[in-house]
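[1] this one's structure only:
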């Protein structure tokens, strides 16, 4: 997907520990952290492992494949910047690596979605610096 001329929706706020995630997204790579001590996958980007408290977190490219864990369809009363998107899907995606993240499921009929359906990541280039990971059915 290509960037639009003027993106009027909120943009993510980068932190020192989330910067690698957003830089990866800009390259159309979905990155997650993995703990060097307990080897568990971690998402949302953190400074230390929530499982063993190690600070030895590294970054790896995720498969980008997962399933819909839960979702809702927004049909009315979204914040103003999203009025033109109604209806849209907000979902919790469980990646093959075992972590869950919140995103949108796009390019679909919201009425046809079900929990457990297979999805894959796609990226929406919203500015020259920011690409948002979203998902579509596979």
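    Okay, I see it. Note that the structure is a prediction, hence the values are computed from the model and not measured. Numbers count the residues shown, from 1 in each chain.
[2] check which residues of the longest strand along the chain are buried.
    Secondary structure assigned by DSSP state E gives strand 65-74 as the longest strand of the chain. Of all the residues in strand 65-74, those buried under the rule 16 or more other Cβ atoms under 10 Å are 65, 66, 67, 68, 71, 74. (Glycine included, C-beta is placed from N, CA and C.)
[3] same question, stretch 91-98
    Buried residues in stretch 91-98 (16+ other Cβ under 10 Å): 91, 92, 93, 94, 95, 97.
[4] distance from the chain centre to that stretch, please.
    Relative to the mean C-alpha coordinate of its chain, stretch 91-98 is positioned 9 Å out (Cα atoms, centre = their mean, to the nearest Å).
[5] avg pLDDT for that stretch?
    Averaged across stretch 91-98, the pLDDT comes to 98.
[6] need the helices for the protein, in chain order.
    Remark: helices assigned in the chain by DSSP state H are 19-26.
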